[in-house]
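>>> please find the sequence and the predicted model below.
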Amino acid sequence: SGASHRRAATPTRRALVARACALAASVGATPTPARVVAGLFDPCDEADASCVSSQDDAARGGRAFREPWSYDEPTWEAARATLVRALEADADVTTLAVDGRYVSCAAAGAGFEFFFTENDATLQFRAARRGGGRDGGVAARLDKLRLRCGFERIVVLRNRRRALGVVESGLDSYGPSFFDRGDAALLDDAALATRDPDPLARRAFPAPDKDTRRWLREQR
């Protein structure tokens, strides 16, 4: 019957406990080295249509970007515990590693990385299929995980370039991105375009004045 089928598909408490113990054992035995440098993941490969990242708004015309998440837990450790519990309960997760603020796992042929940033309640992430290729549901799996954890997307204002004029579409791109260039971008006249290519966008911020440029050079 439908009821018995639903009961069979729902993992029992014993099965969940056994799975959590197995994953915990693998975490303690072989922790994955953190692939985060100065709080940043590796950029997505331009040729990898499956890669999504909360830190890369440049790859594939900005299509690799997904908003980072925020959490309401009082500490990042508590939020990490929420994330780990959700991953442990996912039957598709085959490996799980925890290294401080960094969490990684493998599920359904894809690798997922998470990083709890310092001094704020933000969770960054990066995910891609092993060997690259099509999306394969990577972004959808991330969003389901976010909902299970009770995390929220952080609204990010982006420079949208409409491919069809005034109509937003899946063909739109985003950019330019200065996330990996810091204040140096403000000193480059060619890079700092004061006109947004989006025809419906408001006028962009003006170029920094002479005193601001001098201050930025002193900080470098």
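Happy to help now that I have it. This is a predicted model, so every value here is computed, not measured.
>>> show me where the protein has its helices.
Secondary structure of the chain (DSSP state H): helices at 2-9, 13-29, 76-88, 138-149, 210-219.
>>> mean pLDDT lowest for which of these?
Mean pLDDT is lowest for helix 2-9 out of these, coming in at a mean of 41.
>>> nearest spatial neighbour of residue 90, chain-adjacent residues omitted?
residue 107 (6.3 Å; CB to CB, 6 or more residues apart in numbering). Bear in mind the C-beta positions are built from the backbone N, C-alpha and C, glycine included.
>>> residues contacting that neighbour?
Neighbour list for residue 107: 87, 90, 92-94, 141 [criterion: CB atoms under 8 Å, 6 or more residues apart in numbering].
>>> would JSON lines of the residues you listed with distance to residue 42 and neighbour count be doable?
Shown next, in JSON lines, are the contacts of residue 107 (distance: CB to CB, whole Å; neighbours: other CB atoms under 10 Å):
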{"residue": "87", "distance to residue 42": "21", "neighbour count": "23"}
{"residue": "90", "distance to residue 42": "24", "neighbour count": "19"}
{"residue": "92", "distance to residue 42": "23", "neighbour count": "12"}
{"residue": "93", "distance to residue 42": "22", "neighbour count": "18"}
{"residue": "94", "distance to residue 42": "22", "neighbour count": "13"}
{"residue": "141", "distance to residue 42": "20", "neighbour count": "17"}
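>>> closest to residue 149 out of these?
Using CB to CB, residue 87 is the member of these that lies nearest residue 149, at 9.3 Å.
>>> okay, now the residue nearest to residue 73 when sequence neighbours are not counted: neighbour count?
Spatial nearest neighbour of residue 73, excluding adjacent residues (CB to CB, 6+ apart): residue 79 at 4.2 Å. By other CB atoms under 10 Å, 23 other residues sit near residue 79.
>>> one step back: beta partners for the residue nearest to residue 90?
residue 93, residue 110 (DSSP bridges).
>>> what's the pLDDT at it?
With respect to pLDDT, residue 107 scores 93.
>>> check residue 119 too.
88.
>>> tell me the spacing between the residue nearest to residue 90 and residue 138.
Distance from residue 107 to residue 138, counting by CB to CB, to the nearest Å: 10 Å.
>>> can you check residue 44 too?
Applying CB to CB, the value for residue 44 to residue 138 is 11 Å.
>>> need the overlap of contacts for these two.
In contact with both residue 44 and residue 138: 51-52, 128, using CB under 8 Å, 6+ apart.
>>> which of these has the most neighbours?
Counting neighbours by other CB under 10 Å, residue 51 comes out on top of the shared contacts of residue 44 and residue 138 with 27 neighbours.
>>> for that residue, give its distance to residue 84.
23 Å.
>>> list the buried residues of stretch 84-104.
Within stretch 84-104, the residues scored as buried using 16 or more other CB atoms under 10 Å are 84, 86-88, 90, 93, 96-98, 101-104.
>>> which two in those residues are spaced the farthest apart?
Going by CB to CB, the pair spanning these furthest: 90 and 101, at 20.7 Å.
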